[in-house]
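1. Sequence first, then the predicted structure, then my questions.
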Amino acid sequence: MQRTNHRGHMYIQALKILLLLTVLLGDLWLPGKVWAAPLTEEGESTPIVGLIPRPISPEPDTPVELSAFTVDATYDANHPDIMHMVVRVKLHNTSRTETHAVTLDVRGYTNQHLPISPLLATEGKDPARATVYPHPSLTRTLRPEQRLWLTFVYTDTVGNAPWVMFEYHIDKLQAWPTPVRSARVTIHSTPPLEQGALLEVSPPLSRNNGRALEWQWDGRTPSEPLRVFFIAPHHWQRIQQLREGVNQGDEEARRELAEWLTQWLTQPETPPPVWQAFYPEVVALWTQEASAHPDDPTPYRILAQLYRDRAQYSDNPDAYQSLILDALEKAWDRGARDATIRVALAKATREHIQRLRREKRWSEALKQLQHLRSILGPTGEREIQHLREQIALDWVKDRLAVHDQEGVLNALQAGWGDTILNYFRPHLPAFHYADVRVHTTQNRREITLSVFLNEPTPPTFEEDWNTWLKTLPTALPEAEIQHHSLGPQRTVTVTFPFATASDITEAQHMLTDSMPDLPEWAPLKDALSPQELVFTRTPRMWGYRMNWQETLSLTQARQRLDEVATDLRVSAQTPLPPDFPEILGEVRQAFREQDIRAWQAYRDAFHAVYTITWEEGWGPPAGSRLVLRTGETGTLHVAREVVYPRQAYVLGGLLFLAWTGLSWGLWRWLGE
């Protein structure tokens, strides 16, 4: 009997095992199990896919909450291309009376939202089947106050690079309507991860006991992704062994460590943490190699490549140009004359010349140009000539920017003689700045013209200016004229009386006719040539009513100055003599562009200010103000009732007598 019971018990156990294996194998082949992508290429690293169950239903006010969430990731150096993941989720139906169902989205999350696979989900000890359409999901129904653990087991490919990127988007737990009561992520490693192998850890660790890395969140939901970047343990152990050999003076260990780390850094798209951790060490190792073997060009070739690659991660890549150039020149001087070095050295020299041009170090740029010629040989003469012309053009533009036209002209004259001055002489306006101020009172108008001379001043300016000053007394015999000079500033003030509008227009017409007929004088002429001037005095019993309306326009002046700029552009296109090199055409273009900018600046800076103040008679004065720039039109207008004091007294006396007589007559009439 006992034997029969024992045999029956064995059959039952065997049947359970067979059933469990059938279920597990069937679960691996369930619809919705997406298999992992093939292993990445040699030397690449793949981010970990983080499975985050998120609620799809029911409504946000569901009593089902996420009580606990744990992740156990295991990294085994014997299988460095995969990581075993175990994710456990604890659900809790907080309702005491109602049953609730919850559907979970069980996709994995990375930056690319990759799927995870194969996935084995279990509920307690029983398999939990998941659906795949429209996305991997799992639906569970919880009784009142039921607590349910779900376990997800899968493996993920991490690549076979020397480093591992573990990135888990645990912040996706915020999709749950209530905070997670407890969350934990643990990374187990065999052999253990040493502190030095951790290149990046975010957020900070909660615990590192030498066997595992752990992060813990109690009573709060994680707010940022978890990110760990570490060197694979077996690679880290080899680095430590080689470092120990380097410290003991082992040259073979130094060379091997330098070559090994260099291979890491020169891989395509090496992550920045690897550069930050090992770049200084690699440079130091190859510098020691160069000192130990002064005639070997190899260390300098590798240093140049390291400097060039490091510049890609720098905010100031120009800072590495001198290092690259120095390393390549030392490799060149030590016999590395192959085509690769020649091309790299020529490229570095060109980049250095461009940097010197940007920094306006012209003489040093020309010196480097000679060095580039020695590298390129006769085949590079055309490029050398082109760069020399570009440096010369840079110098010309720089000198013109600081208004050193004379220095440029002297250099051109020394190279090509006096004839060249006919093509490159500046055509600047005589005035750098000018303004007109017109102030009008009851019977006088004051006009002030202020100009600031340009540098260099046209040679005929002083003669034109003095001639104009001499003609003013003849043109305006009744006007008071004052003028003075202070450095580059010239000021002329003209004051004249008037009684009618025609007195003003005639005087200002004589003033503008006396001015030189030059483009820079056009704004001054326009400012003193009103399109319409109406000035009336309408008599009143007590005085008069005055009305002033003056319309002015500076549009013609703008057109005249724009025509000058157009003519300068056209003149820059006229051919030079055939014996002049092509670069001189660009130099002349730079001169004309400088001239055009000067004319445009003068046009934009010019303005005229008109004011009128009428204070005659009783009451507050009336006034108006108008400011115009080139291209603008405006009207100065003012009107006022002018009451004379004497007439006001007579009128008041007459009114008083009339009122007194009227009152006396009314009193007599009432008395009778």
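-> Cool, the structure landed.
2. Relative to Ala77, how far out is Thr70?
-> Going from Thr70 to Ala77 by Cβ to Cβ, to the nearest Å gives 24 Å. C-beta coordinates here come from the backbone N, C-alpha and C atoms, glycine included.
3. again with Trp599
-> Taken as Cβ to Cβ, the span from Trp599 to Ala77 is 76 Å.
4. same thing with Ala284?
-> Applying Cβ to Cβ to Ala284 and Ala77 gives a distance of 28 Å.
5. can you check Ala479 too?
-> With Cβ to Cβ as the criterion, Ala479 and Ala77 are 102 Å apart.
6. Ser624 now?
-> According to Cβ to Cβ, Ser624 and Ala77 sit 90 Å apart.
7. Mind checking which of the two has more residues around it?
-> Neighbour comparison, Ser624 and Ala77: the larger count goes to Ser624, with 18 against 14 (by other Cβ atoms under 10 Å).
8. what pairs with the helix or strand harbouring that one, and is each one parallel or antiparallel?
-> According to DSSP states H and E, Ser624 maps onto strand 622-629. Next to strand 622-629 in the sheet, as set by DSSP bridges, lie strand 607-614 (antiparallel).
9. list the buried ones in the partner strand?
-> For strand 607-614, a neighbour-count test (16 or more other Cβ atoms under 10 Å) marks 607-608, 610-612, 614 as buried.
10. Would you state the helices of the stretch 101-250 of the chain in chain order?
-> Remark: helices assigned in the stretch 101-250 of the chain by DSSP state H, counting those that start in this stretch are 233-247.
11. Low-confidence ranges, it, go.
-> Within the stretch 101-250 of the chain, the segments meeting pLDDT under 70 span 107-136.
12. can you check the chain too?
-> For the chain (pLDDT under 70), the answer is 1-51, 56-60, 107-136, 403, 414-416, 541, 617-619, 643-655, 671-672.
13. Grab the most central residue of it for me.
-> Asp315 (13.2 Å; Cα atoms, centre = their mean).
14. Tell me the secondary structure at that one.
-> coil (DSSP: H, G, I helix; E, B strand; the rest coil).
15. Spit out the contact partners of it.
-> For Asp315, no residue meets the contact criterion (Cβ atoms under 8 Å, 6 or more residues apart in numbering).
16. What of Thr270?
-> 264, 309.
17. so it is in which element?
-> Here Thr270 is assigned to no helix or strand, by DSSP H and E.
18. can you offset everything so residue one is 160?
-> From this message on, residue numbering opens at 160, which makes the last subject Thr429.
19. which residues sit in contact with Leu525?
-> With contacts defined as Cβ under 8 Å, 6+ apart, the neighbours of Leu525 are 547, 550.
20. Am I right that it sits in a strand?
-> No. Judged by three-state DSSP, Leu525 forms no part of a strand; its state is helix.
21. Can you give me the distance of it to Leu531?
-> 11 Å.
22. same thing with Ala781?
-> Distance from Ala781 to Leu531, by Cβ to Cβ: 75 Å.
23. With Leu580 instead?
-> In terms of Cβ to Cβ, Leu580 sits 33 Å off from Leu531.
24. More neighbours: which of those two?
-> Remark: of Leu580 and Leu531, Leu531 carries more neighbours, 19 against 13, as counted by other Cβ under 10 Å.
25. Now do the contacts for that one.
-> Leu531 sits in contact with 505, 508-509, 512, 539, 542-543, 546, where contact means Cβ under 8 Å, 6+ apart.
26. Would you show me how to pick out the buried ones of these in PyMOL?
-> Only the buried entries of the contacts of Leu531 go into this PyMOL selection, using 16+ other Cβ under 10 Å:
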select buried, resi 505+508+509+512+546
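27. So of the contacts of Leu531, which two are at opposite extremes in space?
-> Greatest spatial distance among those (Cβ to Cβ): Ile512 and Gly539, at 12.6 Å.
28. what about the strands in the stretch 510-659 of the chain?
-> Per DSSP state E, counting those that start in this stretch, the stretch 510-659 of the chain carries strands over the ranges 590-599, 603-612, 639-645, 648-656.
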